[in-house]
Structure formats: structure tokens, C-alpha cells
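S.K.: only geometry, no sequence info:
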């Protein structure tokens with residue numbers, strides 16, 4: 001993503017006030033566009049569905065979508081990050097012909113697991129009829145494959161393609177719903193599933209235009225088993241960290257039986273969802289400024305390590321990299337803290353404007369505060385991925401998940417006043433762990449590059465941590 005950040009930074013430098021605004025808008029669309037588009041579509045569907053198909057059918061569709069997004073993130077997390085790593089390695093080796101095979105295996109694996117899980121969750125636990133369970137499972141499978149395929153587009157610098165694909169899919173679903181005069185829950189679910197399928201199709205068409213080689217199954221020695229396990233664990237832990245407090249509270253105070261044995265917590269879900277949206281400015285800043293500057297600094301260190309520089313010159317570059325990290329952290333925290341403060345102040349009028357349950361304000365405020373630390377944790381994982389220390393990324397997200405679950409358990413009987421507390425506590429712990437791990441690695445960076453994480457010394461699979 002740093003390559004995209006360079007283009008946006010250039011736009012901001014050379015375009016004056018308009019360039020800054022344009023870079024910010026593009027950055028928001030690239031980093032969070034699909035998320036924002038989906039959020040808007042979900043809100044519109046939430047307000048339209050009860051009047052069109054009845055409250056019961058609308059609740060069924062909403063439950064399927066919430067579980068679909070949740071489970072697809074869980075399934076796709078380890079597969080998508082591993083596939084992206086393998087594809088990046090192939091592109092670095094100038095072997096673009098190896099990418100289609102990697103993508104094919106990843107999508108088949110993700111789609112297959114999603115269909116099995118969909119059958120268990122929607123056909124078994126939810127007790128949906130065969131047609132609805134089939135549509136819900138297909139929705140889950142296609143969402144999973146979207147999460148796997150979308151990152152590949154960044155290799156093509158087609159960063160607008162994913163938001164456009166989402167818009168096309170949502171437009172197709174909206175038109176279908178408009179043409180259906182008296183849609184039932186099954187037809188609405190079919191229209192939404194069809195829209196997701198169109199989005200996936202659009203992404204695959206673009207990928208096929210650039211990766212034209214016939215898929216060839218990747219060889220077993222493409223990556224070591226230990227490294228593959230660590231990378232996949234990082235993706236899985238990241239998904240669990242974000243969702244675990246929601247999953248626990250689906251059986252906690254204020255939860256309801258939504259569909260068969262599936263449960264939801266509408267108050268916490270709505271407030272947490274809105275609170276997480278406050279991350280958009282921080283994600284944009286990470287893309288345009290923080291990662292771009294760090295990429296330049298790290299490239300300078302690597303250039304001196306692989307050239308003829310003296311140790312003093314290499315240490316000088318490492319010192320500059322540390323300054324870059326401090327500057328990026330300070331800017332990120334200050335900006336996102338301002339957003340969180342505005343969220344706390346404007347929470348009441350915002351909930352009145354959208355007609356949301358005011359009890360969700362606690363989840364909204366806590367999630368907005370937690371987003372500050374969540375972004376710090378994300379920034380730490382970006383740095384550690386440059387250092388190729390994926391086991392440390394696992395530690396960051398694992399600490400997030402454990403702390404979040406523990407905080408929810410400790411506040412179990414506090415009711416809606418404690419909603420969002422688990423996420424905030426997990427984010428604080430993850431940010432603290434991330435800063436410590438990045439600081440340790442950066443202090444020992446020269447040793448890690450030459451000895452500690454050098455494949456010629458420790459093997460091609462690298463270190464555990």
C-alpha cells in the first residue's frame with residue numbers, strides 16, 4: 001500500500017488545498033471505501049426492509065448479513081493474508097504467472113470452508129429452510145472470496161477498483177429490489193446475495209485482465225510450513241481480536257434470540273459498528289503519511305545495509321527511522337484522539353439524528369476511544385511486517401483478543417454501560433504490546449537484518465518471534 005501512499009502524498013504536495021482534499025478523499029476511499037459503502041448500504045437496508053417485508057423477515061436478513069460478515073472475516077483472515085504474502089513473493093521474484101494459481105487455491109479453500117460453515121450455521125443452528133440456508137451459505141462463500149481477492153488489486157495499483165466493484169454490486173441489488181413490488185425475505189436475501197456475487201465477479205474480471213496466465217498449482221516448497229503457519233495465525237488472530245467482544249455479548253446482557261439458536265446484541269452491535277467507523281481518518285493518515293514515510297526510511301536502511309556503507313552510516317539511517325516512527329505515532333495519536341473526542345461530544349445528537357437506541361452511546365464512545373489504540377496496533381503490525389516478524393504480529397492480535405475477552409467477562413453484569421469496554425481494553429493492551437515489540441525490533445534492527453532474521457543464517461522460514 002505504500003506505493004499508493006506515494007502517489008497520494010505527491011497529489012497533496014503538488015495540488016495545493018485542492019490536492020490535499022483530493023488526497024484525503026482518495027485515501028479514505030482506498031483504505032475504507034468498501035467499509036463505508038457497505039455501512040451506508042446496510043443502514044439504508046435496515047430502514048427500508050421493515051416497511052417492505054415486515055419486521056420478522058427484515059430481522060432474518062439482518063441476522064444473516066451480520067453473521068455473514070463476521071464468519072467471512074474469520075474464515076478469510078488466515079487465507080487472505082497467506083495468499084497475499086505468497087503473491088507478493090511471486091511478484092518480487094518477477095513471476096506474475098504464479099499468482100493465478102495461488103489465488104485459485106486460496107479462493108477454493110476459502111469458499112469451500114465458508115459453504116461448510118454456512119450449512120452448519122444457517123441450515124443447522126439458524127434452522128432456515130433449504131433455499132434460504134443455501135442463499136445465506138452462498139452469501140458467506142462469496143463474501144469470503146471477496147476478502148481473499150481484493151488485496152490482490154493493490155498489486156495492480158487499481159485501488160479504485162474495489163470501491164467501484166462494491167458500488168456496482170450494491171446498485172444491482174438495489175435495482176433488483178426496486179423491480180420486486182412485493183418481495184419476501186427470500187427474494188430480498190437473493191437480491192443481496194446476487195449483488196455480492198456481482199461485486200466478486202467484477203473483482204475477478206479485473207484480476208483476469210492483468211494475470212492472464214493459466215493457473216498453475218503452487219509447489220509445496222513455495223513457503224515453509226512454519227512460516228505459513230505463523231502468517232496464517234496472524235490473519236486469524238486479527239479477525240478474532242476485532243470480533244470477540246461482539247461474539248461474547250451476543251449471549252450477554254441485552255442480547256436477543258435473532259434466528260433459531262443464533263443470537264445478536266442490537267444495542268452493542270449498532271454502537272460498536274458506528275464507533276469503529278471513526279477509524280476512517282486514522283486509516284487514511286496511515287496510508288498517506290505514516291506508512292509512506294516509514295517505507296522511505298526503511299528503504300534507506302536497507303540500501304545502506306546492502307551497499308558499501310559503514311556501520312556508523314547504517315546506524316545513522318536507523319536513528320532517522322526511529323525519528324520517523326515517533327513522528328508518525330505522535331501525528332496518528334493526536335489526530336485520532338481529536339476524532340474520538342468529537343465522537344464523545346457529538347454522540348447524543350448523532351444518535352438522535354439516525355434514530356438509534358441511546359443505550360448504544362456507551363458502546364459508541366468506548367469504541368471510538370478504543371479506535372485510537374487500535375490504529376496504533378495496526379501501525380505496529382505494519383512495521384513488523386516490513387521486518388518480517390509475523391510471530392510478533394500474532395502476539396499483538398492475540399493480546400488484543402485475550403484482553404478484550406477478559407474485560408467483557410469482568411464487566412459481564414454491568415449492562416449497556418460497559419458495552420464497548422472489552423474492545424477498548426483489548427486495543428489498549430494491543431497498542432502497548434505493539435509499541436514494545438516494535439521498539440525492541442527497531443533497537444536490534446541491524447542485528448536482525450545481518451544475523452538474527454537473515455535467511456542465510458536462520459533459514460528461509462525466519463525466526464519464530
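M.R.: Everything's here; your move. These numbers come from a predicted model, not from an experiment.

S.K.: Residue 354 - how many residues pack around it?
M.R.: Each residue near residue 354 was counted by other Cβ atoms under 10 Å, and the total is 12. C-betas here are computed from N, CA, C, even on glycine.

S.K.: contacting residues for it?
M.R.: Applying Cβ atoms under 8 Å, 6 or more residues apart in numbering, we find residue 354 in contact with residue 43.

S.K.: Distance-wise, check it relative to residue 277.
M.R.: 12 Å (Cβ to Cβ, to the nearest Å).

S.K.: Check residue 85 too.
M.R.: 28 Å.

S.K.: Give me the buried positions along stretch 184-202.
M.R.: 185-200, 202 (16 or more other Cβ atoms under 10 Å).

S.K.: same question but for stretch 334-342, I mixed them up
M.R.: Those would be 335-336, 339-340, for stretch 334-342 by 16+ other Cβ under 10 Å.

S.K.: Tell me which residues are up against that stretch.
M.R.: Counting by Cβ under 8 Å, 6+ apart, 278-279, 281-282, 285, 368-369, 371-372, 375 sit against stretch 334-342.

S.K.: Setting aside sequence neighbours, what's the nearest residue to residue 320?
M.R.: residue 297 (5.9 Å; Cβ to Cβ, 6 or more residues apart in numbering).

S.K.: Repeat that for residue 442.
M.R.: residue 322 (5.9 Å).

S.K.: any chance you could read off phi and psi for the one you found?
M.R.: phi -60, psi -40 (degrees, to the nearest 10).

S.K.: Next, count neighbours for it.
M.R.: Counted with other Cβ under 10 Å, residue 322 comes out at 14.

S.K.: mind checking the SS state of residue 309?
M.R.: coil (DSSP: H, G, I helix; E, B strand; the rest coil).

S.K.: Residue 254 contacts residue 268, correct?
M.R.: Yes. Taking Cβ atoms under 8 Å as the definition, residue 254 is a contact partner of residue 268 at 6.8 Å.

S.K.: Please identify which of the two sits among more neighbours.
M.R.: Applying other Cβ under 10 Å to residue 254 and residue 268 shows that residue 268 carries more neighbours, namely 32 against 17.

S.K.: how far away is residue 303 from residue 403?
M.R.: In terms of Cβ to Cβ, residue 303 sits 39 Å off from residue 403.

S.K.: Give me the more crowded residue out of the two.
M.R.: residue 403 (24 against 12).

S.K.: Looking at the buried residues of stretch 334-342, which is nearest residue 382?
M.R.: residue 336 (15.2 Å; Cβ to Cβ).

S.K.: In space, what's closest to the closest one - neighbours in sequence excluded?
M.R.: residue 282 (4.2 Å).

S.K.: so where does that neighbour fall, helix or strand?
M.R.: helix 280-285 (DSSP states H and E).

S.K.: Counting by contacts, list what whichever helix or strand comes after that helix packs against.
M.R.: For helix 280-285, the succeeding helix or strand toward the C-terminus, using DSSP H and E, is helix 291-306. Packing partners of helix 291-306 (3 or more Cβ pairs under 8 Å, 6 or more residues apart in numbering; DSSP states H and E): helix 2-14, helix 311-354, helix 361-386.
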